[in-house]
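1. have a look; sequence and predicted model below, questions after that.
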Amino acid sequence: MYTVYGIPNCNTVKKAIDWLQENKIEFQFHDYKKKGISQAKLKNWSRQQSWQNLVNKKGTTWRGLDETIQQTITNEHSAIALMQEKTSIIKRPLIELNDTVVALGFDEAVYEKVFSK
């Protein structure tokens, strides 16, 4: 079963969940705010997507960080520490199947390819 990682009040996550439900794709939802995220999981994702793709630098969480903190995020180690501390900085949604990232963010065309059976 697919796992959708995100936060429930995110508009992009809502769009993705609506799309998945409309297309009858079964999934479970992992709420970062309630459940957090493990360092091991973030390392696994980073190997697949690169830490640069996982850190959402367009979002309000990143923009709200002090510039000196932003400048310290220069490698996987510092990015993972930040993502664990501030889970809303992780690009979302991230959709995983059997420990493999199948989608990051929401793009209907990508979803149609990934989830077509």
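-> Done, it's in.

2. state the pLDDT value of Lys117.
-> pLDDT, Lys117: 60.

3. for the chain, which segments count as strands?
-> 2-6, 27-31, 94-97, 100-104 (DSSP state E).

4. want to throw the ones you listed into TSV with distance to Gln52?
-> No exception for glycine: its C-beta is placed from N, CA and C like everyone else's. Below are the strands of the chain laid out as TSV (distance: least, CB to CB, whole Å):
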stretch	distance to Gln52
strand 2-6	18
strand 27-31	22
strand 94-97	14
strand 100-104	12
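
5. reformat those strands as TSV; add mean neighbour count, mean pLDDT and distance to Ser78.
-> As requested, these are exported to TSV (neighbours: other CB atoms under 10 Å; pLDDT from 0 to 100; distance: least, CB to CB, whole Å):
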stretch	mean neighbour count	mean pLDDT	distance to Ser78
strand 2-6	20	98	21
strand 27-31	15	98	23
strand 94-97	21	98	19
strand 100-104	17	97	20
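
6. tell me which of these sits nearest to Gln49.
-> strand 100-104 (5.5 Å; CB to CB).

7. and Lys24, how far is that from Phe115?
-> 10 Å (CB to CB, to the nearest Å).

8. please apply the same query to Lys43.
-> Counting by CB to CB, the gap from Lys43 to Phe115 is 26 Å.

9. equivalent analysis for Gln21, please.
-> For Gln21, the distance to Phe115 (CB to CB) stands at 12 Å.

10. got it, and Glu26?
-> For Glu26 relative to Phe115 (CB to CB), the value is 11 Å.
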